[in-house]
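[1] Build the 3D model from these lines:
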Amino acid sequence: MWQETLTTTDFTAGCPVVAAEAFTEWHDLIATTLADSGVESGAARSLATLTISAVEGAVILALSTRTVRPLEEVHRHLVELVGLHLPPRSGAAPE
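    Model prediction:
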């Protein structure tokens, strides 16, 4: 989402000032999705906080450097990190 927004606006889109209610909704959605995927609830809430913080920080970096690379890097590492908290898939070969 942010990558497209930044590139299509030539990096002029600012980080929106979002009400605490919107962050709470975003946090709850992420935490619930993670918990529904098998992440322990405490870890799901913590990962939701980390996700929001990382994405918002990456947006600021992308705006200041005029590149989406921070968003790409954050995405890659969040996928790796969340994967560490997911239960093993049945039928998956052990590593």
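[2] Point out where this structure drops to low pLDDT.
    Along the chain, the parts satisfying pLDDT under 70 run over 2, 12-20, 91-95.
[3] counting residues per helix, which one in it is longest?
    Assignment by DSSP state H gives helix 41-65 as the longest helix of the chain.
[4] next SSE after it?
    Past helix 41-65, further along toward the C-terminus, the next helix or strand under DSSP states H and E is helix 69-85.
[5] List of residues touching that following helix?
    With CB atoms under 8 Å, 6 or more residues apart in numbering as the contact definition, helix 69-85 has outside contacts at 2-3, 6, 34, 39-40, 43-44, 47, 50-51, 54-55, 57-59, 61-62. The C-beta positions use only the backbone N, C-alpha and C, and glycine is treated the same way.
[6] Of those residues, just the buried ones, PyMOL syntax please.
    Buried subset of the contacts of helix 69-85, written as a PyMOL selection, criterion 16 or more other CB atoms under 10 Å:
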select buried, resi 2+3+6+34+39+44+47+51+54+55+58+59+61+62
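[7] Against Leu63, how distant is the residue positioned nearest the centre of the chain?
    For the chain, Thr51 is the residue whose C-alpha lies nearest the centre (CA atoms, centre = their mean; 3.7 Å). From Thr51 over to Leu63 the distance is 19 Å, taken as CB to CB, to the nearest Å.
[8] got it, and Thr33?
    According to CB to CB, Thr33 and Leu63 sit 27 Å apart.
[9] Those two: which is more packed in?
    Leu63 (17 against 13; other CB atoms under 10 Å).
[10] From what I see, that one and Asp10 are in contact.
    No: Leu63 is not in contact with Asp10 according to CB atoms under 8 Å; the separation is 11.1 Å.
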